[in-house]
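**Student:** give me the fold of what follows.
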Amino acid sequence: MILLLYSINRYISCTILAHYYTILLYHKILCHYRTRKDNTHFSMTPYTKPLPEQKENTKHGEVFFPIQKYITKLNLNSPVIMTHWHEEAELTLITKGSCIYQIDLVDCEVNEGDLLFIPPLLLHSIRLNGTDDFCSETYVFHVNFLGGNATDICSTRYLTPMINHELTLPYHISSTHPAHHSLHECFIKMASLYTEQTFGYEIALKSVLLQALFLLLQYSTTESATISASSDKLKNVLDYIDLHYAEPLTISELAELCYFSEYHFMRFFKKHMNMTCIQYINNVRLEKAVELFEHGETSILEVSLSVGFHNLSYFHRAFKAKYHMTPLSFIKRLN
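**Tutor:** This next block holds a predicted model:
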């Protein structure tokens, strides 16, 4: 009889303890959502022009010197740079391997030695082509650095139409393109100036970038080059995900942004992103988790909840699948 009473008492205690931890977990989630909703201001109404706060948030360079160099490396463990867009333009040299650039939803195969120019506001992504490693060097710069916000003839006749996509410059400059040799020389000069940073190098960099644009303008077209409707729809979805990644997201609400059925939306997303919408959302959440770990967060549960994973086991599996290590192993590597 005593043994029976002890067992019943132990069962009740464990049940109460389990309920306590469940309530605690729900409380954390509820607080997280309330914080997001109280501190974030955005519209859920579909729009055609992306809002300023919905583009890529990375600052490229400094306010008075908005140019930044990036080295991009892709391999079988990290084969994709996901679709994104920003106000700045890009000039890129492929230094190793080959890849598929998708610019404004159009695929373009590029190889070692090729150059790419991506104007402001265009969606673009990169994915590995084959099994060999890929590497590129990119300079991201704001057109205002070249006088894009001025009122002179250079701005009104060339830079502003380029920004507004009324003037289309070539995106892909292969080794057989007539402008390749001269543009490659500009790129090498720009890389040297950026690295050595001798007194007055900012002036020289501006001069070289203007020379590069001059070369590209010789092969520009003035046909109507408005960004496609599909590109606008995809921008809306990607921007919405980037703002709401920590909240529960459904295919239904994302499809509504495009005025698509769920079936049509899933096919549309997979076609242009080369992954399912769920895979993309998980990738965004995992990248946000890595950022938090790199900034000193050590609570795996807190990070999981704050980026939108409300199942800790699922977060562990997804993290390990993407980064080939557990979150705990990743944290230990940072220390």
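**Student:** may I have the secondary structure class of residue 68?
**Tutor:** Classification of residue 68 by DSSP: H, G, I helix; E, B strand; the rest coil places it in strand.
**Student:** kindly report the same for residue 156.
**Tutor:** From three-state DSSP, the assignment for residue 156 is helix.
**Student:** the strands in this structure, which residues?
**Tutor:** All strands of the chain, identified by DSSP state E, fall at 67-74, 80-84, 89-96, 98-103, 106-111, 115-118, 124-128, 134-141, 172-173.
**Student:** pull the distance from the last one to the chain's centre.
**Tutor:** Read it as strand 172-173. 22 Å (CA atoms, centre = their mean, to the nearest Å).
**Student:** can you give the strand pairings for that strand, parallel or anti for each?
**Tutor:** Here strand 172-173 has these sheet partners by DSSP bridges: strand 115-118 (antiparallel).
**Student:** mind saving the C-alpha coords of the partner strand as CSV?
**Tutor:** Output in CSV follows, covering the C-alpha atoms of strand 115-118 (Å, rounded to 0.1, in the frame of the first residue of the first chain):
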residue,chain,number,x,y,z
LEU,A,115,33.1,39.7,-65.9
LEU,A,116,29.6,40.6,-64.7
PHE,A,117,27.9,43.9,-64.1
ILE,A,118,24.7,43.9,-62.1
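**Student:** quick revisit: looking at the strands of the chain, which is closest to residue 303?
**Tutor:** Evaluated with CB to CB, the strands of the chain place strand 80-84 nearest to residue 303, the distance being 20.1 Å. No exception for glycine: its C-beta is placed from N, CA and C like everyone else's.
**Student:** average model confidence for that closest one?
**Tutor:** Throughout strand 80-84, pLDDT has a mean value of 87.
**Student:** which residues sit against it?
**Tutor:** With contacts defined as CB atoms under 8 Å, 6 or more residues apart in numbering, strand 80-84 is touched by 56, 72, 74, 102, 123-128, 234, 238, 272-274, 280, 283-284.
**Student:** go through that strand and flag the buried ones.
**Tutor:** 80-81, 83 (16 or more other CB atoms under 10 Å).
**Student:** pretty sure residue 131 contacts residue 77?
**Tutor:** No - using CB atoms under 8 Å, residue 131 is not in contact with residue 77, being 11.6 Å away.
**Student:** low-confidence ranges in the protein?
**Tutor:** Applying pLDDT under 70 to the chain picks out residues 1-61, 223-228.
**Student:** recalculate using a threshold of 50.
**Tutor:** Scanning the chain with the threshold set as pLDDT under 50 gives 1-8, 10-55, 57, 225-226.
**Student:** quick one, domains of the protein?
**Tutor:** 54-217, 245-334 (automatic domain parsing).
**Student:** let's have these in CSV, adding distance to residue 230.
**Tutor:** Below are these laid out as CSV (distance: least, CB to CB, whole Å):
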stretch, distance to residue 230
domain 54-217, 6
domain 245-334, 7
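**Student:** contacts made by stretch 250-267 with the rest, please.
**Tutor:** 46, 233, 236-237, 240-241, 268-269, 276-277.
**Student:** buried only: go through these for me.
**Tutor:** 233, 236-237, 240-241, 268-269, 277.
**Student:** tell me what the residue most central in space within the chain is bridged to.
**Tutor:** The centre of the chain sits closest to residue 84, judged by CA atoms, centre = their mean, with a distance of 4.2 Å. With DSSP bridges as the criterion, residue 84 is bridged to residue 124.
**Student:** distance of it from residue 141?
**Tutor:** Distance of residue 84 to residue 141, given as CB to CB, to the nearest Å: 16 Å.
**Student:** try residue 122
**Tutor:** Counting by CB to CB, the gap from residue 122 to residue 141 is 15 Å.
**Student:** which one of these two has more residues nearby?
**Tutor:** Just comparing residue 122 and residue 141: by other CB atoms under 10 Å the higher neighbour count belongs to residue 141, 24 against 18.
**Student:** that one bridge partners, please.
**Tutor:** For residue 141, the beta-bridge partners under DSSP bridges are residue 67, residue 89.
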